[in-house]
Every structure is written in C-alpha cells, then in structure tokens.
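Asks: Starting from these lines, generate the structure:
(one chain, ligands or ions: 1)
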Amino acid sequence: MDENIQKLKELIAESDNIVFFGGAGVSTESGIPDFRSVDGLYNQEWKYPPETILSHTFFERHPDEYYRFHRAKLVVENVQPNTAHKRLASLEAEGKLKAVITQNIDGLHQAAGSKNVLELHGSILRAYCSRCGKPYPAERMNHGTGIPKCDCGGVIRPDIVLYEEPLDNEIMSKAISYIRHADVLIIGGTSLNVYPAAGLINYYRGHKLVLINLSATPFDSYADLIIHQKIGEVFSQV
Ligand code: APR
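Replies: Model (predicted):
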C-alpha cells in the first residue's frame, strides 16, 4: 500500500472526529464530469460559457436556455454512489466521521447513506417556485420540457446556488463549526477555486489536514498529507 494511503488509514483509525469537505471530483467515478478538469463541464463547447449559464442573471433572462443546459448537463441519468461516497457513509455509521460538507448538487452522499450532509451549493433533487417559493418535485424540472411553471405563474427553479447568489448562512455556519472543531479534516475532489466554499479550509485549526485530489490546488502547501490519486481508489483502501 502507498505509504501516504497507509498514513491516511492510521489517521482515520485513530480519530472519532473526522470531517470531509468535497467537490465534483468525488462524483467523477460515478460518471458525473467535474467542472474544471480538461474534460470538465467548463471546458465543453456550449452556446454560452457554462459559468454564465449557471448564473442568477442568465436564469432570469434566458430560462429556456438555462433549462436546455440543466437537462443536458446537470442531470446525469442512472448515477450511483461510488466507493468514496460509500466509505464516507460507513465512517459516519462507525461514529468516526461527523459531517460531509459538499459543493456537489447530485445527492450521491445521501444516496450512499450519509446522514449529516451539508450541501453548500444546494441540490438538483429539490425545486421551488422562484416567485412564491412553493416546493415542487424535481421531476417537473429535470425531465420535463420547456420552462416549468408554478400554479402562480412563476418559474420553477432548482434549489441550487447559482453564481451571483449567496450561500445559505445557516449551512455555512454549521460547516465552519464542524471544520473549526475537527480533529482530522479530509478535503477531496475539489480544485478549491470557488469562494466562499474554498475559504472554509482556513477555519481548520488542527494538524491533520489531508488533501486527496488528482490535480494540484492552491492549498496544497497547507496540507499535512497530500494524495494525488483517484479518491474512490484511495477510500477503497482505508
Ligand atoms: N479523484 C480525485 N480528484 C479528482 C477526481 C477523482 N476521481 N476527479 C476529478 N478530481 C479533481 C480534479 O483534478 C479537480 O481539481 O477534482 C477537482 C474538481 O474541481 P472542479 O471541477 O473545480 O470542481 P469543484 O471544486 O467542485 O468546483 C467548485 O465550482 O462552478 C462551481 O458550483 C460549482 O460546486 C462547483 C464549484
């Protein structure tokens, strides 16, 4: 076994206060492309830059184009949790992992059995009316056609944080508290490019910061243990 993975195995064995903070790279082994890798969503040709489409202004002005992108690119059929999702859920069940903090909107951590999941950027498995707030089943949005409308006439939207929109304060406060008090903080599958999520790393006060990411991140120098390997393969060994 790789000596760094062996060190991770020991850190996990010795702790009952582990927190995980992750991003799109946790779901790529389930078949969902991430955003900034070479084959990621933001490097694919589309009528408008995907970062533009995933913004509040664009959703308001071009809901039809937004939903074309949403159904083509955000909704991935028949995806299943992978080894990383499942191991994180089992670590929580063993009383070792306190929380999963994710930037992902795919619901795969919950599908794997994780109970305490903080979704910083929301979820495409939830929808609501952008005018009256009435909740709707995601089916209307994810698998319909055209612009889904509420009984009040408002446009139904996904319960995700679009660019230009604030994150939920309560979720951020909980995430900060878990990270501030964590013994071991494992960060995985994220380029740590997007704020305020990426800034969460600064609240960690321990000396057991593990970074599991295929590519380098701006925070590599902060890590006590770095593993540049596929996160599903790493978690299959710990
Ligand atoms: N194992 C480990 N790392 C991986 C794997 C894998 N199997 N697959 C991809 N990665 C790494 C990539 O190298 C990349 O650095 O995961 C990282 C994913 O980074 P991004 O694509 O930038 O995704 P993320 O960090 O989640 O983006 C944050 O940006 O657009 C917004 O709201 C969107 O939540 C998203 C946020």
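
Asks: right, and Gln44 touches Ile53 too?
Replies: No - under the contact definition of Cβ atoms under 8 Å, Gln44 does not touch Ile53, with a separation of 11.3 Å. Heads up, the C-betas are built off the backbone N, CA and C, glycines and all.

Asks: These two - which one has more neighbours?
Replies: Shown here are Gln44 and Ile53; by other Cβ atoms under 10 Å, Ile53 has more neighbours (22 against 11).

Asks: Next, count neighbours for the residue lying closest to that one once chain neighbours are set aside.
Replies: By the measure of Cβ to Cβ, 6 or more residues apart in numbering, the closest residue to Ile53 outside its immediate chain neighbours is Phe69, 4.7 Å from it. Phe69 has 19 neighbouring residues, counting by other Cβ under 10 Å.

Asks: Number the chain from 46, please
Replies: Renumbered: residue one is now 46, and that last one reads Phe114.

Asks: Now for Phe114: which residues touch it?
Replies: If a contact means Cβ atoms under 8 Å, 6 or more residues apart in numbering, then Phe114 has 91, 95, 98-99 as its contacts.

Asks: buried residues in whichever strand or helix holds it?
Replies: Counting by DSSP states H and E, the element that carries Phe114 is helix 108-114. Applying a neighbour-count criterion of 16 or more other Cβ atoms under 10 Å, one finds 108, 110-114 buried in helix 108-114.

Asks: Quick one: check the helix or strand following it for contact with the ligand.
Replies: Counting by DSSP H and E, the next helix or strand C-terminal to helix 108-114 is helix 128-138. No - under the criterion of Cβ under 6 Å from any ligand atom, helix 128-138 makes no contact with the ligand; the nearest approach is 7.7 Å.

Asks: For the ligand, tell me whether the helix holding Phe114 is touching it.
Replies: No - Helix 108-114 is not in contact with the ligand by Cβ under 6 Å from any ligand atom; minimum separation 12.8 Å.

Asks: Could you pull up the contacting residues of the residue nearest to the spatial centre of the chain?
Replies: The C-alpha lying nearest the average C-alpha coordinate of the chain belongs to Asn149 (Cα atoms, centre = their mean; 2.0 Å). Asn149 makes contacts with 67-69, 71-72, 164, 166, as judged by Cβ under 8 Å, 6+ apart.

Asks: give me that answer again for 10 Å
Replies: When contacts are counted by Cβ atoms under 10 Å, 6 or more residues apart in numbering, Asn149 is found next to 67-72, 77, 79, 130, 162, 164-169, 234-235.

Asks: got the end-to-end distance for stretch 55-63?
Replies: Start and end residues of stretch 55-63 are separated by 12 Å (Cα to Cα, to the nearest Å).
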